Every structure is written in structure tokens, then in C-alpha cells.
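Novice: Structural data only, the sequence is not supplied:
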Ligand code: BES
Ligand code: ZN
Ligand code: MN
């Protein structure tokens, strides 16, 4: 990954490309803050050039203007922020614009970003993250791929030595690395990433980061009565795993439990999918996100304990696949009737949630590519969040503040009757498919202890894109890593006041 530095925006800047921002106004395209110096170096030719190529300044617009020898920098890239006034910069709009600009550069090694960040650490972080996320390429399987050309990103600011801005750059690099690692895992196809190799990756990375790592193999899963993970993983040539990564700093101010769905490929099982199967290599995006968020929490030295409990299985078809009408037993002895083997995520998650809650954490966040209903309801831009109402809303607010789009969804208690089974304690899928995102959350709720702050984030749509936009290319997005890290940082900052509020509230 490229290095990121702060440079003085008032001094002359040279690079392979310089990125500026534009806004769309009632009177057409305008230059955003930070572009003035670049325009001046081109003797005021920038805005006329943008008008000449019909630039509008709309979001996701990227216009390349060659400088044709007028400057030592051969290329100016103007990235649109959308409607707005010069002088007001929204960090997520900046992150997306810078990301789109960097996504469009193939050979630039050194890039300057001149978007009036002043010394605002939020904007500096947004620029750094946008550049590093937009600079991501997945080329592991291209036999003739050249290494990523991007080596260095310089962010023009008013005071390059300012401590908060420099700290923001260091944090942004760790966060972007976690998101890009998540993308690599999601993009890796299931012939290479299976429960065994995925667990091995988690072990290696966890040990390198100084975490405590525990990997339960199929024997240990049987001893531990993880009947959901064993049933779902039983049809695959590659046996299931449960990975536990624990980051426990000396003066932890709280303990967060994370759980993520790690289905390395979802064929549907015997209820074989008849559409959309190719995307199901991404059905482990929740697992990848919680693993990388835990590693990043350690790299950031956040003063909170974090335990990721990650079930990994391949939902495959064979003579040993679990069947519709099977009744399985989960870790705590509860039984589940299998109505449909394609509703597999909730089964491995229930076992993992039960295990995670045995540690008595302060809160639980689980995330999963759980339901097609999430995609129907919210699309691929916005994740659906369920759980206990106050904590759910907090997760939505914290994630939105770091630029991920989330929306609260209701877990109406009456929905539970739809999961009543005539033969077992619960059924994995009702015949009526309405509100299927909420039914997924309602199933999981049964396994979360009453009173625990809990959020379930369905990322089925946002985890994997068919077309690029902003800082996301086609494929895995690494979504929800930033939200989880924001929640962990919030726990670190507010553990004392949270404890007081809980005590006051009884
Ligand atoms: N992994 C899928 C959910 C999914 C759908 C993720 C689309 C990403 C994109 C999940 O295991 C699944 O198969 N859900 C089905 C359940 C089925 C039995 C109706 C669904 O929600 O459509
Ligand atoms: Zn699935
Ligand atoms: Mn499925």
C-alpha cells in the first residue's frame, strides 16, 4: 500500500498527477477549496479547461486535464463532489471523489491531493482513506499484472506538522489496510479460500498481530456441540472451522464481541440456488470484516478488549449435505428444524453467538451477508441494522459518521411466531417469505442473552458490487470494517460514561 504524507499546500507541488475537487453549482462547475493554487500555477486555465470538456462537478465525475507542458505535473484530475458550495466539504463526498480519481489512474506513482483540507483531521483522514481505497487493485490472478504503480500520496494541508492531522493519517492507513485486506479475502474465489485456508489465514495474521488465536477443527466442534456449524459444513469436502481471535490489551476499558458469517461458498445446499450463485464467494464478507477489524484494533492499540468468534463453512452439495426436514441441535441444546438449506448463515451464526456470549461481553455486533431481503429493501449502498433499539441506533450513527451508509430496521417481537416449528424449538425459515431480512434478525435474537447490547448488520448487498463507484471497484467492498472500528473506538472513549449510564438506568 502507498505511503501517505502531508505537504504544505502553499508551496509549489509536483507529482505524476494532482487531484483537485469540483462542485456543481447553479451556474455550472466550480472549483472546490484547494484548487486555487493549482489553477494559479496554470495561469487560471483550469476552470476554462473544465468547462471546455463539459465538466459538471457532479458526484462520481472524474475529468482528466493534461497540462501540456504548462506545469511540471503532467495531469490534473478533477473529481466531482456534487452539489454544494465551495468552502463546505463533506468528508464522505471527499472520500468518494478522491477514491474515484485514484481508481481512474493507472500509471501514476506519486499523486498530490489538493482539496482544501486545512488541518481538519476528518478531511485529512477522508482524503487518505479515499486515495488508499481507490488505489486498490485485485490482480492476484492476473498472470501479466504489473505491481500497483501508486507509491506515494501527498495531501496538501495548511500545516503539515500538525499533530492531529498526522495522527489521522496514521489511523487512516491502518483502517484502509483493513478494508483492502477484507476486499482481498472477499474477492478470492472459493477454490482457494475454503474454511481450512481461511482459518489458517486468520491464525497467521492473528499470531503476527500478537492476538490469542484458537481454531476449532471438526473434532473440537463436535466436542463443543456446535451442531449448526457442523450441519452446514457437512456437505463439503473441506470441513468447517470456528476461529476465535482475542485482542486483550492490559488496560482494556470494555470488551466487545464480534461475530461474522464465514460461508466460503453458498451453493444453497440441497436447496440448490438457481440464480446468483457466482456472487456467493462473497458469503464470507462478514467474517472477513470482523477478522480484519480485530487485527486493526490491535494495530491501533485501542484500549478495548475484542474477541472475534468466526464460524467458517462451505454450504455444498454431496451425500453428506444436511437436508430439508433435518432437525439439528445447536451448542446450547436447542433444536432447529431445517426448512431450507439455503438459510444456512443463521445456523452457523447462532452457534457462534452462543459461544461469543459465554464470555459476557459488554456488547455484541454480528455481521453477515444474510438475506436477499436486505438487497431488495436497501440495495447495495446501505446496510440494514437490527438488534436492541438504542445500541442499534448508536451503531447506525457511528457508522454513518465514518461514511458507511446504514439504516435501522425494526425487530417486531410478533415476528417470532413465524419461526415456530411443529417439531423443533425453532425453524430456520418460514414458508411466508415476507420481511425476510427481519426474519433473519429475529432468528438470531433468540440466541442473544436478554439485556445485552446487540447489533446485527445485514451486508448482503453492500459487501459486493457488480459495478464500481466512488472508492469501490467491482467486487468486494470491505464494507462495515470502518463502522466496527468506529464502534470499538467509541467503546474505548466512552466506557466510563456507558458504565455510569447503565448503573443509573438499573
Ligand atoms: N447468502 C445468502 C444471502 C445473499 C443473497 C447474500 C444475495 C448476498 C446476495 C443467504 O444464505 C441466502 O441464501 N438467503 C436466501 C434464503 C433463501 C432460503 C430464500 C435469501 O434470503 O434469499
Ligand atoms: Zn449464505
Ligand atoms: Mn444461503
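Specialist: That came through, no problem. A quick note: this is a predicted structure, and the numbers were derived from the prediction, not measured. Numbering: from 1, shown residues only. Ligands and ions are numbered 1, 2, ... in the order given.
Novice: How about the contacts made by the closest residue to ligand 3 within the stretch 151-300 of the chain?
Specialist: For the stretch 151-300 of the chain, the residue closest to ligand 3 is residue 266, as judged by Cβ to the ion, at 4.4 Å. (Glycine included, C-beta is placed from N, CA and C.) Neighbouring residues of residue 266 by Cβ atoms under 8 Å, 6 or more residues apart in numbering: 273, 277, 280, 283, 315, 342, 344-345.
Novice: For the spatially most central residue of the chain, which non-adjacent residue is closest in space?
Specialist: Central residue of the chain (Cα atoms, centre = their mean): residue 479, 2.1 Å from the mean position. Excluding its sequence neighbours, the residue lying closest to residue 479 (Cβ to Cβ, 6 or more residues apart in numbering) is residue 462, at 4.4 Å.
Novice: That neighbour reaches residue 375, doesn't it?
Specialist: No. Taking contacts as Cβ atoms under 8 Å, residue 462 lies outside contact range of residue 375: 9.1 Å.
Novice: the more surrounded of those two?
Specialist: A side-by-side neighbour count of residue 462 and residue 375, using other Cβ atoms under 10 Å, places residue 462 first with 27 against 17.
Novice: Report the contact partners of the more buried one.
Specialist: 380-383, 405, 477, 479-480.
Novice: Restricted to helices, list the residues you listed.
Specialist: Taking DSSP state H, every one of those sits outside helices.
Novice: Now do the contacts for the closest residue to residue 381 other than its chain neighbours.
Specialist: Leaving out its chain neighbours, the residue that sits closest to residue 381 by Cβ to Cβ, 6+ apart is residue 405, at 5.5 Å. Listed by Cβ under 8 Å, 6+ apart, the contact set of residue 405 reads 381-383, 399, 462.
Novice: Show me which of those are buried.
Specialist: 382-383, 399, 462 (16 or more other Cβ atoms under 10 Å).
Novice: how far away is the residue of the stretch 151-300 of the chain closest to ligand 3 from residue 253?
Specialist: 37 Å (Cβ to Cβ, to the nearest Å).
Novice: cool, and residue 232?
Specialist: With Cβ to Cβ as the criterion, residue 232 and residue 253 are 36 Å apart.
Novice: again with residue 79
Specialist: Distance, residue 79 to residue 253, using Cβ to Cβ: 39 Å.
Novice: ditto for residue 118
Specialist: Residue 118 is 31 Å from residue 253, by Cβ to Cβ.
Novice: which stretches of this protein form helices?
Specialist: 36-41, 46-52, 91-103, 121-134, 163-187, 195-208, 218-223, 227-233, 285-299, 345-357, 372-378, 389-401, 436-445, 481-504.
Novice: what number of residues lie near the closest residue to residue 287 other than its chain neighbours?
Specialist: Once flanking residues are discounted, residue 287 sits nearest to residue 262: 3.1 Å by Cβ to Cβ, 6+ apart. By other Cβ under 10 Å, 34 other residues sit near residue 262.
Novice: any idea how far the residue of the stretch 1-150 of the chain found nearest ligand 1 is from ligand 3?
Specialist: The nearest approach of the stretch 1-150 of the chain to ligand 1 comes at residue 138, 18.6 Å away (Cβ to the nearest ligand atom). Distance, residue 138 to ligand 3, using Cβ to the ion, to the nearest Å: 24 Å.
Novice: surely that residue meets residue 478?
Specialist: No. With contact defined as Cβ under 8 Å, residue 138 does not count as touching residue 478 (11.3 Å).
Novice: quick one: common contacting residues for these two?
Specialist: By Cβ under 8 Å, 6+ apart, the residues touching both residue 138 and residue 478 are residue 183.
Novice: Looking at these two, which is more packed in?
Specialist: A count of neighbours by other Cβ under 10 Å puts residue 478 above the other of residue 138 and residue 478, at 29 against 17.
Novice: need the residues of the stretch 301-450 of the chain near ligand 2, please.
Specialist: By the rule Cβ under 5 Å from the ion, the part of the stretch 301-450 of the chain lying against ligand 2 is residue 345.
Novice: Would you state the strands of the stretch 301-450 of the chain in chain order?
Specialist: Ranges of strands within the stretch 301-450 of the chain are 305-315, 327-329, 335-337, 363-368, 383-387, 406-408, 426-427, based on DSSP state E, counting those that start in this stretch.
Novice: okay if I get those strands as TSV plus distance to residue 131 and mean pLDDT?
Specialist: Putting the strands of the stretch 301-450 of the chain into TSV (distance: least, Cβ to Cβ, whole Å; pLDDT from 0 to 100) gives the following:
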stretch	distance to residue 131	mean pLDDT
strand 305-315	27	99
strand 327-329	47	99
strand 335-337	46	99
strand 363-368	26	99
strand 383-387	24	99
strand 406-408	24	99
strand 426-427	47	99
